[in-house]
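J.: Following is a predicted model, sequence given first.
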Amino acid sequence: MLSHTLLFLGIFLISGHRSLADVFLQEVNETTDLPEVIAEGTEKLNRTNFEWLRKVSDKSKYIARSCKEILDNHDEREDGIYYLTTTNGMIYQTFCDMNTAGGGWTLVASVHENSVYGRCTVGDRWSSQQGNNPNLPDGDGNWSNRNTFGVVEGATSDDYKNPGYYDIFAADVSLWHVPNNFPVEHWNLAAILRYHTDSNFLRLYGGNLFNLFKQFPVRYNVGTCSSRGPAVPIVYDHGDRESTRYLYGMKSRMEFDPGFITFRPINNEQSAMAICSGVKPRGCNSEHYCIGGGGYFHPDQCGDFPSFDWDRLGREQGWSASKEMTESAVLLFYR
């Protein structure tokens, strides 16, 4: 009898159900009918799972094109995964941030660098998976096309893009830098930086990044490093200008201003990045602190995080970004 008791207690503890294990011990002390105790514990566990599943399934009842519509029409205030629909009726799942700065933020994409040592290889969906090719300056072109990929729960483990990226008409963006492989329920607390715009700037560029990048296409060997798209001030939800500055390399800090998000800058080598997340370039080496872009760079720069590892991965010196920044996914939200 004692060996059976210890076996089942071990299973409960390994599963992480400590409160249930406490109940189990108390009831074992009060009775010798072990099967009855096990059956009651299982019933409690199943009831908890059923209630959780019911709560999750309730989120599928909303018909909305964005998290903002769910918030406005149903006063739903809980962060988590919801169902949305496109103009054409396609249903998809994504994460809704229902609390930051009033809530209603829809996750539409994530940029995840699977290997800074790969140069425009498999997994570099926001630059090029076809190699570093001057004949393909737009690379995979995913900043300005309707391709979708990934799943919302894996947005910190792989690149992610859902139909909301091109379907939602939004006013502002929010960005979270979340360490790789963190589960969705911990994204908010795990983020090393979280910030958003509040100027309605997207309305000037077609209401989303899909339309914005259509206006700033990738063209290799055109323009100078002073060429770029809009640089928009940000409001910090977690972090500040100084913490942003020190997440990048010592030399990088000398040529950007933190507190902005900047689109489509051109570097010294006349290659186009997509987004400078949290900063506005003043210099010409944006490959060390900007992400994504086209399909042709200097040979040592190609990739979704083009040249974050210039000196050595994890060293906050020279041009290299910090280990924290290099090993975090960038989550992109609309509202």
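T.: Received the coordinates, thanks. Remember, it's a predicted structure, so these values are computed and weren't measured experimentally. Numbers count the residues shown, from 1 in each chain.
J.: Strands of the stretch 101-250 of the chain, start to end?
T.: Per DSSP state E, counting those that start in this stretch, the stretch 101-250 of the chain carries strands over the ranges 105-111, 160-161, 173-179, 193-196, 231-233, 235-238.
J.: For residue 259, find the nearest of those strands.
T.: Minimum separation from residue 259 across those (Cβ to Cβ) falls at strand 231-233, 6.3 Å. (C-beta placed from N, C-alpha, C; glycine too.)
J.: Go ahead and name everything in contact with the closest one.
T.: If you take Cβ atoms under 8 Å, 6 or more residues apart in numbering as the criterion, strand 231-233 is touched by 197, 199, 201, 259, 260, 261, 262, 263, 276, 280.
J.: any low-confidence regions in the stretch 51-200 of the chain?
T.: Applying pLDDT under 70 to the stretch 51-200 of the chain flags the ranges 51-58.
J.: give me that answer again for 80
T.: 51-61, 115-117 (pLDDT under 80).
J.: Are any of the contacts of strand 231-233 buried, and if so which?
T.: 197, 201, 259, 260, 261, 262, 263, 276, 280 (16 or more other Cβ atoms under 10 Å).
J.: I'd like the residues you listed as JSON lines, with secondary structure and distance to residue 320 appended.
T.: Output for those, formatted as JSON lines (DSSP: H, G, I helix; E, B strand; the rest coil; distance: Cβ to Cβ, whole Å):
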{"residue": "197", "secondary structure": "coil", "distance to residue 320": "28"}
{"residue": "201", "secondary structure": "helix", "distance to residue 320": "31"}
{"residue": "259", "secondary structure": "strand", "distance to residue 320": "22"}
{"residue": "260", "secondary structure": "strand", "distance to residue 320": "21"}
{"residue": "261", "secondary structure": "strand", "distance to residue 320": "22"}
{"residue": "262", "secondary structure": "strand", "distance to residue 320": "20"}
{"residue": "263", "secondary structure": "strand", "distance to residue 320": "24"}
{"residue": "276", "secondary structure": "strand", "distance to residue 320": "16"}
{"residue": "280", "secondary structure": "strand", "distance to residue 320": "20"}
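J.: Can you tell me which of those residues comes closest to residue 156?
T.: Distances from residue 156 to the buried ones among the contacts of strand 231-233, taken by Cβ to Cβ, are shortest for residue 261, at 19.6 Å.
J.: thought the closest one was touching residue 173?
T.: Yes: using Cβ atoms under 8 Å, residue 261 is in contact with residue 173, at 6.9 Å.
J.: Now for these two: what residues contact both?
T.: residue 197.
J.: Pull out the buried positions in stretch 260-279.
T.: 260-267, 269-279.
J.: Which of those fall within strands?
T.: Judged by DSSP state E, the subset of those located in strands is 260, 261, 262, 263, 275, 276, 277, 278, 279.
J.: Quickly check those residues for the two that are furthest apart.
T.: Pairwise over these, using Cβ to Cβ, the maximum falls at 263 and 278, 12.8 Å.
J.: can the ones in strands among the buried residues of stretch 260-279 go into TSV with extra columns for distance to residue 107?
T.: Converted to TSV, those look like this (distance: Cβ to Cβ, whole Å):
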residue	distance to residue 107
260	21
261	16
262	21
263	19
275	15
276	20
277	15
278	18
279	22
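J.: Format the residues you listed as TSV; extra columns: pLDDT and distance to residue 216.
T.: Putting these into TSV (pLDDT from 0 to 100; distance: Cβ to Cβ, whole Å) gives the following:
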residue	pLDDT	distance to residue 216
260	98	16
261	98	14
262	97	11
263	96	6
275	97	11
276	97	13
277	95	16
278	97	19
279	98	17
